[in-house]
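1. sequence and predicted structure, then a few things I'm wondering about:
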Amino acid sequence: MVKVVFALLLGTKALAGVNIPLKANIEPPVLLSETGLFKNNVADLIAIDELRPYEVNQPLWSDFAKKQRWIYLPEGKKITFEPTNFWGFPVGTIIVKHFRMEIFKNQFQNIETRILVRLDDESAQKWAAYTYQWESDDARLVPVDVRPVVTLNVDETAVGGRRIQDFQIPDRTQCLQCHNSSVGFARSVRTQQLNRVVGSLNQLDQWNRAKMFEGDIGPAKKYDAYSAIDDIAKPLLSRVKAYFDVNCSHCHNPSPEAPCYFTGIDFRYETF
């Protein structure tokens with residue numbers, strides 16, 4: 001009961017017990033363990049049942065870091081599906097991305113966990129971004145305008161080889177430079193990225209069966225899918241186009257909302 005009241009006081013409509021405010025002027029909890037997104041020991045990264053894991057076809061390159069992804073959709077709310085464009089998300093949608101680095105072979109160090117949340121502002125798609133920096137068995141909220149650097153001592157047995165690597169964690173402004181309106185904010189959660197088999201069933205088909213969309217989208221096989229850059233079974237051109245779209249188009253596209261639109265370079269998949 002206390003958790004429910006506390007969540008409502010903070011303006012959270014997403015889920016009772018999840019302490020993520022939906023108002024831009026309210027700070028989220030200081031510790032990741034206090035957000036209610038993960039069960040028991042937060043370091044185990046066992047998400048609550050309502051936080052659905054997902055995978056993408058072409059990940060954003062993140063300096064050798066490995067990532068895990070989850071999405072929460074408020075009960076009774078639906079995604080506006082688009083076959084080729086960016087999807088629309090209801091107020092209270094929460095997207096979580098966790099970063100970790102392989103330090104020794106098959107041994108990883110947690111670095112940061114990012115949270116993207118659709119705010120309670122029906123007049124426009126408005127999102128907030130928060131980053132939690134890991135400290136041992138929990139992660140602490142990064143203050144506004146702070147860009148921490150984590151120094152990693154990577155062994156030669158790890159992916160990328162031996163190195164001393166300075167990994168910079170972005171501040172909130174930097175997060176929204178990539179997650180901007182020109183790419184639909186939640187840029188990885190789209191048809192071409194999620195159209196892949198996870199387990200024994202295509203991810204789009206899974207979401208469709210779970211009634212996460214406003215209507216039945218039909219079978220996933222009728223939609224396009226991005227090719228991963230290292231999938232040598234796919235044509236080189238399609239792999240390159242997907243890689244540049246995912247890694248560059250959030251800046252390099254014609255929209256005035258894109259940070260680098262004025263360069264005249266357009267790296268969107270359909271125009272590259």
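-> The structure has been received and is ready for your questions.
2. for the protein, name the helix or strand with the lowest mean pLDDT.
-> Ranked by mean pLDDT, DSSP states H and E, the weakest helix or strand in the chain is helix 2-9, scoring a mean of 37.
3. which stretches of the stretch 51-200 of the chain form helices?
-> For the stretch 51-200 of the chain, helices defined by DSSP state H, counting those that start in this stretch occupy the ranges 172-178, 191-194.
4. ok, the residue nearest to Ser136 when sequence neighbours are not counted to Leu31 distance?
-> Nearest non-adjacent residue to Ser136, counting by C-beta to C-beta, 6 or more residues apart in numbering: Ala43, 8.0 Å away. All C-beta atoms are positioned from the backbone trio N, CA, C, and that covers glycine. Distance, Ala43 to Leu31, by C-beta to C-beta, to the nearest Å: 12 Å.
5. repeat that for Pro170.
-> 19 Å.
6. of those two, who's got more company?
-> Pro170 (18 against 14; other C-beta atoms under 10 Å).
7. so who does that one touch?
-> Neighbour list for Pro170: 131, 147 [criterion: C-beta atoms under 8 Å, 6 or more residues apart in numbering].
8. count of neighbours near Lys66?
-> Neighbour number of Lys66 under other C-beta under 10 Å is 14.
9. all strands for the stretch 151-272 of the chain, in order.
-> Using DSSP state E, counting those that start in this stretch, the strands of the stretch 151-272 of the chain run over residues 163-168, 197-198, 201-202.
10. make JSON lines from those and add distance to Asp120 to it.
-> Formatted as JSON lines, these follow (distance: least, C-beta to C-beta, whole Å):
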{"stretch": "strand 163-168", "distance to Asp120": "31"}
{"stretch": "strand 197-198", "distance to Asp120": "31"}
{"stretch": "strand 201-202", "distance to Asp120": "33"}
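11. which of those strands sits closest to Lys39?
-> strand 197-198 (21.1 Å; C-beta to C-beta).
12. and that closest one, which strands flank it?
-> Taking DSSP bridges as the criterion, strand 197-198 forms sheet pairs with strand 201-202 (antiparallel).
13. where does pLDDT dip in the stretch 151-272 of the chain?
-> 174-185, 253, 255-256, 258, 260-262, 269 (pLDDT under 70).
14. tell me the phi and psi of Asp83?
-> Careful, residue 83 is Pro; it's not Asp. phi -60, psi -40 (degrees, to the nearest 10).
15. give me every residue that touches it.
-> Pro83 touches 191, 223-224, counting by C-beta under 8 Å, 6+ apart.
16. count of neighbours near Phe104?
-> 12.
17. I figured it hits Asp155, correct?
-> Yes: assessed by C-beta atoms under 8 Å, Phe104 is found in contact with Asp155 at 4.6 Å.
18. name all residues that make contact with Cys248.
-> Residues near Cys248 by C-beta under 8 Å, 6+ apart: Phe267.
19. and it, how far is that from Leu152?
-> Distance from Cys248 to Leu152, by C-beta to C-beta: 25 Å.
20. nearest to Ala233, out of the strands of the stretch 151-272 of the chain?
-> Of the strands of the stretch 151-272 of the chain, nearest to Ala233 by C-beta to C-beta is strand 197-198, at 14.0 Å.
21. which residues sit against that closest one?
-> Contacts of strand 197-198 (C-beta under 8 Å, 6+ apart): 54-55, 203, 206.
22. that strand: how far from the chain's middle?
-> 18 Å (C-alpha atoms, centre = their mean, to the nearest Å).
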